[in-house]
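Asks: need the 3D shape of this:
(chains A and B)
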Amino acid sequence: MKKNQDVLGENKTNKKHYSKSVVMGLSISTAILALSTVGLGIAFGVAQSKSDSYGIQLENVYQKNMYDLVESVNNVETKLSKVLASNSNSYRKKLLNEVAQDSELAQNAVSGLPLSANSLSQSVKFINQLGGYSQTLADSLAQGKALTENDLETIGKLHQSVKDMKKEINKFSQKTQNDYSILNQSLLLNGDYNNFTIELSKIKGDNMDYPVMIYDGPFSDSTLDKTVKGLSGESKDKDQCKQEIEKCFKNLASIQYNGETNGRFNTYTYNVTNTDSQKLFVQVSKIGGHVITVSGRGSESNEKNINEESAKNIALDFAKENGIENPQVVWSDSLKNSFYLNIAPTQNGIVLYPDLVKVKVDLGSGSVVGYDSTSYFMNHVNRKLSQPTHTAKEFKSSLPKDMTVKNMRAVLAPLDYNREVLCFEYECEKNGSTYYFYLNALNGKEENVLKVIQTQDGSKLF
Amino acid sequence: MKAKIISLVLGLIFLMSSFIIGDCLVFQNTMVSVKAATTVSENKAIQQKLKELGYYTGSVDGVYGQGTRSAVIAFQKANGLTADGVVGTQTAKALGVTLNSEEVAQSGSDLYLLAKCVYSEARGEPYEGQVAVAAVVLNRVESPEFPNTISEVIYQPWAFTAVHDGQINLEPDSTAYSAAKDAMNGWDPTYGCLYYYNPATATSSWIFTRTTVVTIGRHVFAI
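Replies: Prediction:
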């Protein structure tokens, strides 16, 4: 019993001691709890006010884009009606140039709005084609041509469509100015599309009729509907196409049939490995068995085993084996171990730029790791080229006087959409910069000027 | 004992809450590194000099990559210059390299942006699949149904999931860079496709109505 008491007494003191520490512990934890609550409160408050402010800023950007869209559509409508009213070619040219700019603005504004993917593509296409068409007309007015009856009729139809669009978009814009959050509506999903998209796409109503625009310019349907002109020969099966790959590559380790690609070109696809264990993806046309593309990473190291001269020969051999007629290297550039070459076929010594073939040779393995002949097989036909009546030397004097000519040659240049023009190409230098001038081989008119631009990732033409 | 656990837990909560605040601040300070605007030949001269001085061990290839950048920063630190990794007039002078003032080199930002898009959308895909994703972006630029510049196409709200969830800000690897460069040069294994999707994860029923051109890796490419 005593023992027990002792034990109890001991327990008592212990308990007392214990309760003291509990009180202390509790007060510390109360303090920590209080601090944490304050801390959490501040954190939450900061996060909340930050996210509110992000939301407001985003909403402001969306509202700005909405204003820009309405403004540019309004301007396009007014300017198109003025084109129809005006009788002066120079004023019409000015207006049409502005319509092209306003269309670009409208398109910029649409691309900055939170629209669901794959929506409104028809409206965007209309705006882009409207801009392209107006620019084409302005350009032809600049060349001294007048607008035809046909042109005016198309402008009339375009104007009607834009007028309908203007009506709807102004109605919608009034709504967005009144307590409407584009951001919130864009976050509410209704099926595949968000609320904002659904409301904006109502603008393209049933009554809106988009005229078909037949013109040669950017975004025109005629530019998009390209057909393959350069493929001929027998249909080949996948084993015959495999043999074509074996002919082109000198250092094959394995070929594995992978499947088909059926688009603009119909091709069999293969996974190819070369003796340097580099993996390549090769597409071969069913018609004629030509290699259309080779995609490969190449080596990641910087160890070079071949020089650029041998790389050129490797690329040319590959192109010849693949059926490219009279290939010639017209441009090359390197990035680390990848040596990029542009190869053009020639006809009577004239370089055919529209049929350009692109090759990437790996300077480590000395193998072709990239190849693209889509332009060649898209465009290459035996062309009837008119013989230039002058020589490149004769037109040299019409170049700017401060240009030092380094090289010149006759070329077929692809100029603004589907137009191929026989030109003399002059490689010139001025203040350490390289320029390419293209003068029409028949009349010496300047058709185009390109400049070589140095970038971190090699040089490019612009 | 219990109290200790309670205070420990509370302490942890407190700590976490300060992390949340910290996180907001860190997020605000994230910056995309600015690339140096020097030409290939200038870069070669810079690399050569850095190599001679022992700051740079890579190859003299004229490509201003991470290795060159770190070497420049080390050089700048050692010479009391602003260590920003960019060779401006001061650093060039200290290195004894003349910058060609006639040409303003471009940073190739379109390529960088395209590489970021490829990396965030298609890393882990076969190389040709990465080229194909880059080609789709470029095909959209050409198409009237989409915006007309690379940045507009990529940053079009809701167009790419990786842009939407912020993965676009990851630094691309050299494979994504190479794939983007190939696509810029005209490679397109999809022959003009405007769409791609992963059939295992695609949620839009609309996308399945498009005509399939080719399947590469996990992506279906469609027109």
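
Asks: shaky segments in chain A?
Replies: Scanning chain A with the threshold set as pLDDT under 70 gives A:1-23, A:25, A:204-225, A:417, A:456-458.

Asks: hey, where'd the helices end up in the stretch 51-200 of chain A?
Replies: Using DSSP state H, counting those that start in this stretch, the helices of the stretch 51-200 of chain A run over A:89-111, A:121-142, A:149-177, A:182-187, A:195-201.

Asks: ok, which of the ones you listed comes nearest B:Lys49?
Replies: helix A:89-111 (43.5 Å; Cβ to Cβ). Heads up, the C-betas are built off the backbone N, CA and C, glycines and all.

Asks: other SSEs contacting the closest one?
Replies: helix A:2-85, helix A:121-142, helix B:150-155 (3 or more Cβ pairs under 8 Å, 6 or more residues apart in numbering or on different chains; DSSP states H and E).

Asks: what stretches of chain B score poorly on pLDDT?
Replies: B:1-39, B:89, B:98-108.

Asks: so what's the residue count around A:Tyr67?
Replies: 14 (other Cβ atoms under 10 Å in any protein chain shown).

Asks: phi, psi of A:Ile343?
Replies: As for A:Ile343, its main-chain torsions (degrees, to the nearest 10) stand at phi -120, psi 130.

Asks: most tightly packed of the helices and strands packed on helix A:89-111?
Replies: Greatest average neighbour count among the helices and strands packed on helix A:89-111 goes to helix A:121-142 (a mean of 22), per mean count of other Cβ atoms under 10 Å in any protein chain shown.

Asks: tell me who's in contact with the residue nearest to B:Ser143 when sequence neighbours are not counted.
Replies: In this structure, B:Ser143 finds its nearest non-sequential neighbour in B:Leu194, 5.8 Å apart by Cβ to Cβ, 6 or more residues apart in numbering or on different chains. For B:Leu194, the contacting residues are B:Val136, B:Asn139, B:Arg140, B:Ser143, B:Glu145, B:Phe146, B:Ala222, B:Ile223, by Cβ atoms under 8 Å, 6 or more residues apart in numbering or on different chains.

Asks: now those in JSON lines, with neighbour count?
Replies: Shown next, in JSON lines, are these (neighbours: other Cβ atoms under 10 Å in any protein chain shown):
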{"residue": "B:Val136", "neighbour count": "25"}
{"residue": "B:Asn139", "neighbour count": "21"}
{"residue": "B:Arg140", "neighbour count": "21"}
{"residue": "B:Ser143", "neighbour count": "19"}
{"residue": "B:Glu145", "neighbour count": "18"}
{"residue": "B:Phe146", "neighbour count": "21"}
{"residue": "B:Ala222", "neighbour count": "21"}
{"residue": "B:Ile223", "neighbour count": "16"}
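
Asks: which one of these is nearest to A:Leu120?
Replies: Closest to A:Leu120, out of all of those and judged by Cβ to Cβ, is B:Glu145, at 8.8 Å.

Asks: wait, the closest one sits on A:Ser123?
Replies: No: at 9.2 Å, B:Glu145 and A:Ser123 do not qualify as touching, with contact defined as Cβ atoms under 8 Å.

Asks: give me the domain ranges for chain B.
Replies: B:40-95, B:109-222 (automatic domain parsing).

Asks: now those domains as JSON lines including distance to A:Phe265?
Replies: As requested, the domains of chain B are exported to JSON lines (distance: least, Cβ to Cβ, whole Å):
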{"stretch": "domain B:40-95", "distance to A:Phe265": "34"}
{"stretch": "domain B:109-222", "distance to A:Phe265": "5"}
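
Asks: which among these is found nearest to A:Leu341?
Replies: Minimum separation from A:Leu341 across those (Cβ to Cβ) falls at domain B:109-222, 10.2 Å.

Asks: between the two ends of that closest one, how far is it?
Replies: 28 Å (Cα to Cα, to the nearest Å).

Asks: that domain: how far from the chain's middle?
Replies: 14 Å (Cα atoms, centre = their mean, to the nearest Å).

Asks: and A:Tyr91, which of the helices and strands packed on helix A:89-111 is closest to it?
Replies: By Cβ to Cβ (comparing all of the helices and strands packed on helix A:89-111), the closest turns out to be helix A:2-85, at 8.1 Å.

Asks: any idea how many residues pack against B:Phe75?
Replies: 23.

Asks: cool, and A:Tyr340?
Replies: Per other Cβ under 10 Å, the neighbour tally for A:Tyr340 reads 20.

Asks: confirm that it sits in a helix.
Replies: No: judged by DSSP: H, G, I helix; E, B strand; the rest coil, A:Tyr340 forms no part of a helix; its state is strand.

Asks: verify the stated contact: it with A:Ala315.
Replies: No: assessed by Cβ under 8 Å, A:Tyr340 is found out of contact with A:Ala315, at 9.5 Å.

Asks: shared neighbours, these two?
Replies: A:Val359.

Asks: domains in chain A, as residue ranges please.
Replies: If you go by automatic domain parsing, chain A breaks into A:48-224, A:238-379, A:392-461.

Asks: looking at those domains, which is closest to B:Val153?
Replies: So among the domains of chain A, domain A:48-224 is nearest, using Cβ to Cβ, at 7.7 Å.

Asks: show me how far the closest one is from its chain's centre.
Replies: Centre-to-centre, domain A:48-224 and its host chain are 20 Å apart (Cα atoms, centre = their mean).

Asks: ditto for stretch A:390-405
Replies: 35 Å.

Asks: can you pull the buried residues of that stretch?
Replies: A:Ala392, A:Phe395, A:Lys396, A:Leu399 (16 or more other Cβ atoms under 10 Å in any protein chain shown).

Asks: which stretches of chain B form helices?
Replies: Using DSSP state H, the helices found in chain B span residues B:2-29, B:40-52, B:66-78, B:89-95, B:109-122, B:127-142, B:150-155, B:161-164, B:174-184.

Asks: where does the residue of the stretch 301-450 of chain A found nearest chain B sit: helix, strand or coil?
Replies: Nearest residue of the stretch 301-450 of chain A to chain B, counting by Cβ to the nearest Cβ: A:Asn302, 4.4 Å away. What three-state DSSP gives for A:Asn302 is coil.
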